[in-house]
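Engineer: predicted model and sequence follow; I will ask about them next.
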Amino acid sequence: MSIFEISKSFPREEMYSLTDQIIRASRSANICLIEAYRKRRYKAHFISKLSDSDMENSETKGWLKFALECKYLDQEQYEKLTSQSDEVGKLLNHMMNNPEKYGIV
């Protein structure tokens, strides 16, 4: 939601490129995690969806870097958001490496 709020300040000409992409990637990271949880009965599906979430999280970081370089984010905003993204990545990796701790039989 922080990315969504910050992206409202991006220039109008970025609406269908950077803004749309960064919002889609950040939302998709969340949705893939929800899908993973619903697929937790099946280890391979669970891990696959977590991997998709991790990929979307990484894509979001890439778009954040573009936003920083285009000066749509300041360094403090960028560092805060990428730090949060790093934490999400660590949690996703823990889940992928330890699926039995998340209801996988």
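Structural biologist: Great, that's in hand. Predicted, not measured: the structure shown is a model, and the values here were computed from it.

Engineer: other residues contacting stretch 82-91?
Structural biologist: Applying C-beta atoms under 8 Å, 6 or more residues apart in numbering, the external contacts of stretch 82-91 come out as 2, 29, 54, 57-58, 60-61, 64. All C-beta spots, glycine's among them, are computed from the backbone N, C-alpha and C.

Engineer: just the buried residues of those.
Structural biologist: By the neighbour-count criterion of 16 or more other C-beta atoms under 10 Å, these include these buried positions: 29, 54, 57, 60-61, 64.

Engineer: for this structure, what spans make up the helices?
Structural biologist: Shown for the chain, the helices assigned by DSSP state H span residues 2-7, 20-38, 43-69, 75-97.

Engineer: between the second one and helix 43-69, how many degrees?
Structural biologist: Per axes from the mean of the first three to the mean of the last three C-alpha atoms, to 10 degrees, the angle that helix 20-38 makes with helix 43-69 is 160 degrees.
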